[in-house]
Structures are given as structure tokens and as C-alpha cells.
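Participant: Generate coordinates for the sequence data below:
(one chain, ligands or ions: 1)
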Amino acid sequence: MEQDILLEINQLHKNYDDRTVLNGVNLKVHKGEVVVILGPSGCGKSTLLRCINGLEPIQSGDISLDGQSISAAGTDWHLVRQKIGMVFQSYDLFPHMTILENILLGPLKVQKRSQEEATRQAEALLERIGLLDRKDAFPRQLSGGQKQRVAIVRALCMNPEVMLFDEVTAALDPEMVREVLDVMLGLAKQGMTMVIVTHEMGFAKAVADKVVFIDEGKIVEESDAELFFTDPKTDRAKQFLNIFNFNEEKG
Ligand SMILES: Nc1ncnc2c1ncn2[C@@H]1O[C@H](COP(=O)(O)OP(=O)(O)OP(=O)(O)O)[C@@H](O)[C@H]1O
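Facilitator: Residues are numbered from 1 along each chain as shown. Next up, the predicted model:
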């Protein structure tokens, strides 16, 4: 095993009924690396994230975190999910709990940490995203962008080793997209290992170390982000970037 590989996926196959959605995916994510997954609608991006987080059973292949298989029978998902933070398009905050209570749920109930220590961390994280003064508000009192930032903090408060982001700005009004992406850019700068599915090409270029381009359930191109956006190798990736009207001049 290479020293600094955090997440490794080998020959992952995933079917829904008799339909193959991931057809032999291999991927290595190094500690501190930001990997952006791109590809046409329906190519399997969300499914890949959901498999990594154990939300979908897989047909074959192996996924390991820190050199330990997390796809084998008997995996302790309770433990693994504490190491893998995931943020979805829908923030899924509990409506009857305050922002602070939402964030503290996992640290207190799952990780059994002390109220004082977990609250200190939650408040520090809320301060960082500019929402400490809203800690006693309820989710309905926050904007979509604020709720999504809280959802990110909720995942971070578990001290995960890697964060997975699945189209986290897709449901937001345009003026709220930036504030969420800025939080993610900040995390990247601090060295958080992240796997990001997004359709925000400007953001992808700004945040990614590596781009993985998936088409029809297979990785068809994997390259340094700078190279991918300036000189995509495959026609499929070129077509994809054209659809987004994205190239060096316009992007
Ligand atoms: N629970 C499910 N049952 C059956 N088929 C599914 C299920 N979830 C996804 N699929 C199918 O698997 C394929 C891959 O879906 P997935 O959501 O991973 O794609 P995606 O690349 O994330 O797409 P998008 O960019 O549109 O979100 C799609 O054809 C989708 O219809």
C-alpha cells in the first residue's frame, strides 16, 4: 500500500437489479487530496459516493479506508460512518431541533463525547461559517445556503477523515451557491480530504487536485485538475466541458 492513500477502490461493480451502474471503478484518494468527480447525468457519480459510504450494497470489488476493507462482510458501519462525512443535496436537518442540537446529535449520541467538549467544537465551527449567532434558531428560520453550511458543519463535528459531497449546491438559489462553495474551498485549503460531485465547473477547477471523469459507469479519464480543464484527453470529456460552455478562455 502506498503510504498516504486514505481511500482505495478496486474493481467496484454495482448493479440496480439487472442494470450495471458502476462497471469496474478503480480510484485512489490520498490524504489531503481533493478529488472532483465529473460526468454526464446518470453516469453513476452519486452511486459511487453512496457505495463508499455504505449506503448501497455492491456486487463485487473492494473499498478500503486507511488500508482496512470497508466493503467486506462484517464491516462495522457504525464506526466507518464516523470516519466518512457525507453531505447531500438535501440537508436533512431535524426540523424540531435547533441548529446546535442538530450538530451535537452525532457527537453526543454516537460518539458519546462530553457535552462541553462537543459544544465547544460545534460553536467554533459555527463561528467559522459565520452562523454562531444562529445556533439556537430552528432550520426553518435559516436560508437554504445557511442550512447547507450547517449540514457541512454537522458532518465536520464528527471529525471525519474524509468528506463526501454530493451536489450540495444543486438545490440552492444561485445567490446562495457561493457561500456554500466558499466553505468547501476553505476546507480544501485546510487540508481536508474530499471527494466532490458537482456541476459547478468553475468551482471544480478551483478546488480540485484531481478530476475523475466517469461515463457509463467507468472512469474514462483521470487527471491532474489543471490538465483536465485545459486539455481533456477524451472526446467524451471534451463534449462534457463544451456542454458547460467551459474552457480556459470562457471559464
Ligand atoms: N435506487 C435506484 N434504483 C434503481 N436505479 C437507480 C437508483 N439510483 C440510481 N439509479 C440509476 O443508476 C444510474 C446512476 O445514477 P446516479 O444517481 O449515480 O447518477 P449520477 O451520475 O449521480 O447522475 P446525476 O448527475 O443526474 O445526479 C441512473 O441511471 C439512475 O437512474
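
Participant: residue boundaries of the strands in the stretch 151-251 of the chain?
Facilitator: Along the stretch 151-251 of the chain, the stretches classed as strands by DSSP state E, counting those that start in this stretch are 162-166, 193-197, 210-215, 218-224.

Participant: Which of those strands sits closest to residue 12?
Facilitator: Taking CB to CB as the criterion, residue 12 comes closest to strand 218-224 out of the strands of the stretch 151-251 of the chain, the separation being 10.1 Å. Placement of C-beta: from N, CA and C, glycine included.

Participant: Any residue of the closest one touching the ligand?
Facilitator: No. Under the criterion of CB under 6 Å from any ligand atom, strand 218-224 makes no contact with the ligand; the nearest approach is 12.1 Å.

Participant: so what strands line up beside that strand?
Facilitator: As defined by DSSP bridges, the strand partners of strand 218-224 come to strand 210-215 (antiparallel).

Participant: got the angle for the partner strand vs strand 193-197?
Facilitator: With axes from the mean of the first three to the mean of the last three CA atoms, to 10 degrees as the basis, strand 210-215 and strand 193-197 are set at 30 degrees to each other.

Participant: buried residues in strand 210-215?
Facilitator: When burial is assessed from 16 or more other CB atoms under 10 Å, strand 210-215 yields the following buried residues: 210, 211, 212, 213, 214, 215.

Participant: sorry, back to before: with mean pLDDT as extra columns, can I get the strands of the stretch 151-251 of the chain in CSV?
Facilitator: What follows is the strands of the stretch 151-251 of the chain, written out as CSV (pLDDT from 0 to 100):
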stretch, mean pLDDT
strand 162-166, 97
strand 193-197, 97
strand 210-215, 96
strand 218-224, 95
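
Participant: Quick one: closest of the ones you listed to residue 59.
Facilitator: For these, distance to residue 59 was read as CB to CB. The smallest value, 14.8 Å, belongs to strand 218-224.

Participant: Skipping adjacent residues, who's closest to residue 78 in space?
Facilitator: Using CB to CB, 6 or more residues apart in numbering and skipping the chain neighbours, the partner closest in space to residue 78 is residue 110 (7.5 Å).

Participant: okay, and the helix or strand of this protein with the least pLDDT?
Facilitator: When the helices and strands of the chain are scored by mean pLDDT, DSSP states H and E, helix 77-83 comes last with a mean of 88.

Participant: Centre of the chain to whatever helix or strand comes next after that helix, how far?
Facilitator: Going down the chain from helix 77-83, the next helix or strand is strand 84-87, by DSSP states H and E. Between the centre of strand 84-87 and the centre of its host chain there is 6 Å, according to CA atoms, centre = their mean, to the nearest Å.

Participant: Name the surrounding residues that touch whatever helix or strand comes next after strand 84-87.
Facilitator: Along the chain past strand 84-87, the next helix or strand (assigned with DSSP H and E) turns out to be helix 99-105. Contacts of helix 99-105 with the rest of the structure, by CB atoms under 8 Å, 6 or more residues apart in numbering, involve 93-94, 97, 115, 118-119, 122-123, 125-126, 131, 134-139, 142, 150, 153-154, 157.
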